[in-house]
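Peer 1: Below: sequence and its predicted model.
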Amino acid sequence: MKQRCAIARAYAVNPTVLLMDEPFGALDALTRVKLQNQLLDTWSKDKRTVMFITHDVDEAVFIAHRVIVLAANPGRLQEIINVDLPFPRDDEVRLSPEFTDIRNRVWRAVYHRDAEAA
């Protein structure tokens, strides 16, 4: 409930761009999925620009139109990946081969540098 209230407060001031830094990071998996769905539902109604920061690859692919992967040293752009999945997004999208393909591409972009350094 605290996270829902914080998100509602952020929306209440009617910003042009909404910056969300790991808003679902401390939540259990079920609540996290519910809030992801609610965020997309809210977004579909007002189409506000949201910059959503997450370390969860699945969450990034499910929510985003575009995933921007930053390199570890310090905050350089690694790759920009378009997420061409249909809206509204639901469990069927999460389970689709297209979702898996994009998820795998993001995963490789995130972890490729670390694999080379090891």
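Peer 2: Noted; the coordinates are in hand. Numbering: from 1, shown residues only.
Peer 1: drop to CA atoms for contacts and neighbour counts, all remaining ones
Peer 2: OK.
Peer 1: Any stretches of this protein with poor pLDDT?
Peer 2: For the chain, applying pLDDT under 70 flags the ranges 113-118.
Peer 1: tell me the centre residue of it?
Peer 2: Centroid check for the chain by Cα atoms, centre = their mean gives Ala60 as the closest residue, at 2.7 Å.
Peer 1: tally of neighbours for the residue nearest to His65 when sequence neighbours are not counted?
Peer 2: Nearest in space to His65, with sequence neighbours left out and distances taken as Cα to Cα, 6 or more residues apart in numbering, is Val83 at 4.9 Å. Look at Val83: counted by other Cα atoms under 10 Å, it has 19 neighbours.
Peer 1: Please verify my assumption that Val83 contacts Ile102.
Peer 2: Yes. At 6.9 Å, Val83 and Ile102 qualify as touching, with contact defined as Cα atoms under 8 Å.
Peer 1: For these two, list the residues in contact with both.
Peer 2: Common neighbours of Val83 and Ile102, counting by Cα atoms under 8 Å, 6 or more residues apart in numbering, are Val61.
Peer 1: returning to that earlier point: spit out the contact partners of the residue nearest to the centre of the chain.
Peer 2: For Ala60, the contact set (Cα under 8 Å, 6+ apart) comprises 52, 54, 67.
Peer 1: contacting residues around the longest helix along the chain?
Peer 2: Determined from DSSP state H, the single longest helix within the chain is helix 97-117. The contact list for helix 97-117 (Cα under 8 Å, 6+ apart) reads 57-58, 61-62, 67, 69-71, 78-79, 81, 83, 85, 93-94.
Peer 1: next one: stretch 32-52
Peer 2: Stretch 32-52 is contacted from outside by 4, 16-22, 24-25, 59-60, 63, 88-90, using Cα under 8 Å, 6+ apart.
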